[in-house]
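# structure for this input, please:
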Amino acid sequence: DTGWQESTELNYRGTAGQSQELTLIYSNSLINIDIGRLYQNDIMTMRLFDVMACQGFLLTEYNDEIVKWFEPGVHLDVYRTPEELAEKIQYYLQHPDKAHSIGQAAREKILENHTFSKRFEEIFMNLGSD
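From the prediction side, this is the model:
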């Protein structure tokens, strides 16, 4: 998306590789922001799981599906408006220990409930339930 490159407010550094580079970015960033697409505002993106699995702190756009699976303020945090996003960014910049503890809880939640083996187990159980 060339929009990121054209912004004068950002230090655009190009795209990141899908394996080690993203893992390092997610795990070493104080705040990872997930901005949903207009036509997919009712889903959980794969980025959500990727960031949380890397023990990264995630600030994501609110939707009902996310709060079914994760507790805001415990496993991640959510925002509803651009103004709330800006406020929460400032809060976590001033409280990095809180962001780190949420990131740690996020990884624990992912490992406990959202690994591929857990998903396959659930799929196979549902296939046999008819």
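# following element in sequence after the lowest-mean-pLDDT helix or strand in the chain, please.
Among the secondary structure pieces of the chain, namely its helices and strands, helix 2-6 has the lowest mean (mean pLDDT, DSSP states H and E), a mean of 77. Under the assignment DSSP states H and E, the closest C-terminal helix or strand after helix 2-6 is helix 20-28.
# which strands and helices sit next to that following helix?
Packed against helix 20-28, as judged by 3 or more Cβ pairs under 8 Å, 6 or more residues apart in numbering; DSSP states H and E, are the following elements: helix 46-53. Bear in mind the C-beta positions are built from the backbone N, C-alpha and C, glycine included.
# pLDDT averaged over the next helix or strand after the helix it packs on - what is it?
Of the helices and strands lying after helix 46-53 in sequence (DSSP H and E), the nearest is strand 58-61. Summarised as a single mean, pLDDT over strand 58-61 is 96.
# which ones are touching G103?
Under the criterion of Cβ atoms under 8 Å, 6 or more residues apart in numbering, the neighbours of G103 are M52, Q55, G56, F57, L58.
# among the residues you listed, which two are most distant?
Of all pairs drawn from the contacts of G103, the greatest distance, 10.4 Å, lies between Q55 and L58 (Cβ to Cβ).
# list residues touching both of the two?
Looking at what touches both Q55 and L58 (by Cβ under 8 Å, 6+ apart), the common residues are G103, A106.
# having no further points to raise, I will conclude here.
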